[in-house]
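> fold the following and give me the result.
(one chain, ligands or ions: 1)
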Amino acid sequence: MIRAHNTARKWQAVKDHVEEGMLRIHESEKLWNHTYTEQLESKLKTASGRKYALTCASGSHAISIGLLANGIVPGDKVIVPNYSCPATLSSVVVIGCVPVFCEIDQHGMIDTDLLPELDVSGVKAVLATGLYGDVHNHDAIKNFCDANDLLYVNDAAQSQFALFNGEDSLALGDVVCMSFADNKPLPVAGTYGAILTDSDEAYQRIRSLRKNGKPTRLEPYSVAGFSSQPEEGKALQVLASWQHFDKWQERKKQISEYYIETFKDKINVRPSPRYSQTNHHKFAIMVADKFESYKKMLELGVETEQQLRGQLLQTTMDGGQHQAIRHDRQIHTTVIDHPKQSVHDRLGSGNCQQSDNK
Ligand SMILES: Cc1ncc(COP(=O)(O)O)c(C=O)c1O
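Modelled structure (predicted):
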């Protein structure tokens, strides 16, 4: 059976590093915001070229905190894609902001040609999400934000380290939100997050917002915030994964190339935009019925994930306010995720159909 996840294999790779680090953390009794956090935040700053990198509990918290830290308040409208994972919408709505949906393009990201059609009264920010490992159309989003004086939030949970016309996704936008969930390029067991910014003001607010409004014992409460302070154990896990990043990326690339070649003229593969160089986060194929295909592929011994099970537009999360603004491109209701990492060891034999990946 080819499985969609490979947590057990990843654990083998990071085990020694994590076990040794956990011992150190417990013996030192420094559980929060200490050496591993400093190392990770410093690496993130170097990798992104950003002035500040602040880790937090999840990619979802990174979005909510990133918005609040930049002066977005409950009642403000935020443009979001009408198709993404639940976190994209939920992290906006949970802080009292009102989503304004924009249709997606054939790549699965905000269709920037449609942005001018939206009513921007009351809109304060755009949350642009790169899906499947590709970057959204950054130039067009940036121009739109500049023209309308909007905050540009880059939800790079899936697009981190992908390139937009040669530039790393982590360098794009006023604020960048990262996730280190177990299916992301730098995975932990569970999830973790980071916020990147160049703004001194946002940096100070994030310090408070991620620690219940009180960045350190000696500083006063300044704002109501989240329980999202940096955990040493999670920072350690990201650092452990980072040691394997280049190797894992190279392997994902090889497997993606193998799929592209093998599927040619047989299976419809989601197109990557010309401006994006993917990080190979996911390999999505287009099928007529993702639920049917899931069953059929499982019978053939290939476990896949249906992407995504529900359109954000069909949620009730925003109290039905989405009804006013909608387009109807259904293209991505038919995407299946392909388990590219789990065929990892088998491709040498050139036949993933017969693999038995335990
Ligand atoms: C595009 C996108 N945004 C945000 C998130 C939220 O990240 P987390 O699971 O760390 O909260 C995810 C995670 O799957 C994601 O894929």
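
> give the contact list for Val92.
Applying CB atoms under 8 Å, 6 or more residues apart in numbering, we find Val92 in contact with Ile63, Ser64, Leu67, Val78, Val80, Pro99, Leu127. Yep, even glycine has a C-beta here, placed from its N, CA and C like the rest.

> check which helix or strand it maps to.
helix 86-93 (DSSP states H and E).

> tell me what the helix or strand following that helix is packed against?
The helix or strand immediately downstream of helix 86-93 is strand 98-102, counting by DSSP H and E. Counting contacts by 3 or more CB pairs under 8 Å, 6 or more residues apart in numbering; DSSP states H and E, strand 98-102 is packed against strand 77-81, helix 86-93.

> average pLDDT across the shortest one?
Per-region confidence: strand 77-81 scores 95 on mean pLDDT.

> going forward can the numbers begin at 232, since that is how I track them
That works, and once the first residue is 232, the last one we named lands at strand 308-312.

> list the buried residues for the helix holding Val323?
For helix 317-324, a neighbour-count test (16 or more other CB atoms under 10 Å) marks Ala318, Thr319, Leu320, Ser321, Ser322, Val323, Val324 as buried.

> now do stretch 489-501
Tyr490, Val500, Arg501.

> about what we covered before: which among the contacts of Val323 gets closest to Gln435?
Distance to Gln435 across the contacts of Val323 (CB to CB) is lowest for Leu298, with 15.8 Å.

> so the closest one sits right up against Ile326, yeah?
Yes: contact status for Leu298 versus Ile326: in contact at 6.4 Å, counting by CB atoms under 8 Å.

> before we move on, the earlier item: export the buried residues of stretch 489-501 to a markdown table and tack on distance to the ligand, secondary structure and pLDDT?
Compiled in a markdown table, the buried residues of stretch 489-501 are given as follows (distance: CB to the nearest ligand atom, whole Å; DSSP: H, G, I helix; E, B strand; the rest coil; pLDDT from 0 to 100):
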| residue | distance to the ligand | secondary structure | pLDDT |
| --- | --- | --- | --- |
| Tyr490 | 21 | helix | 87 |
| Val500 | 20 | strand | 86 |
| Arg501 | 15 | coil | 84 |
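
> what would the contacts of Val323 look like in TSV with neighbour count and distance to the ligand?
What follows is the contacts of Val323, written out as TSV (neighbours: other CB atoms under 10 Å; distance: CB to the nearest ligand atom, whole Å):
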residue	neighbour count	distance to the ligand
Ile294	30	6
Ser295	24	10
Leu298	25	13
Val309	25	14
Val311	29	11
Pro330	25	14
Leu358	30	9
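
> who in this protein is up against the ligand?
Residues of the chain that fall close to the ligand, judged by CB under 6 Å from any ligand atom: 289-291, 315-316, 318-319, 360, 386, 388-389, 410, 412, 422, 424.

> who wins for neighbours among the residues you listed?
In terms of neighbours by other CB atoms under 10 Å, the residues of the chain next to the ligand top out with Asp386 at 32 neighbours.

> ok, which stretches of the stretch 232-381 of the chain are strands?
For the stretch 232-381 of the chain, the strands defined by DSSP state E, counting those that start in this stretch occupy 283-287, 308-312, 329-333, 354-360.

> which elements pack onto the last one?
In other words, strand 354-360. On a contact count with 3+ CB pairs under 8 Å, 6+ apart, strand 354-360 meets helix 290-300, strand 308-312, helix 317-324, helix 369-379, strand 382-386.

> mind listing what the second one pairs with, with the direction of each?
So the one you mean is strand 308-312. Strand 308-312 has its sheet partners listed here by DSSP bridges as strand 329-333 (parallel), strand 354-360 (parallel).

> who's in contact with the closest residue to Thr238 other than its chain neighbours?
Ranked by CB to CB, 6 or more residues apart in numbering and with sequence neighbours excluded, the top spatial neighbour of Thr238 is Asp413, at 6.0 Å. By CB under 8 Å, 6+ apart, Asp413 lies in contact with His236, Thr238, Lys241, Val419, Ala420, Gly421, Thr422.

> repeat the analysis, applying 7 Å as the threshold.
Counting by CB atoms under 7 Å, 6 or more residues apart in numbering, Asp413 touches Thr238, Val419, Ala420, Gly421.

> ok, and it, which helix or strand is that part of?
Using DSSP H and E, Asp413 is not contained in any helix or strand.

> report pLDDT for it.
pLDDT at Asp413 comes out at 93.

> next: Leu358.
So Leu358 comes in at 98 (pLDDT).

> check the one 4 residues further on too.
Per-residue confidence at Leu362 stands at 89 (pLDDT).

> what number of residues lie near it?
Other residues within reach of Leu362, judged by other CB under 10 Å, total 29.

> okay if I get the buried residues of helix 317-324 as CSV plus distance to Val366 and pLDDT?
Below are those laid out as CSV (distance: CB to CB, whole Å; pLDDT from 0 to 100):
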residue, distance to Val366, pLDDT
Ala318, 18, 92
Thr319, 15, 92
Leu320, 20, 92
Ser321, 22, 93
Ser322, 19, 97
Val323, 20, 96
Val324, 24, 93
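
> thinking again about what came up before, of all the helices and strands packed on strand 354-360, which lies closest to Val351?
helix 369-379 (5.3 Å).

> which parts of that closest one are buried?
His369, Ala371, Ile372, Lys373, Phe375, Cys376.

> residue in the chain nearest to the ligand?
Relative to the ligand, the nearest point of the chain is Gly290 (2.5 Å; CB to the nearest ligand atom).
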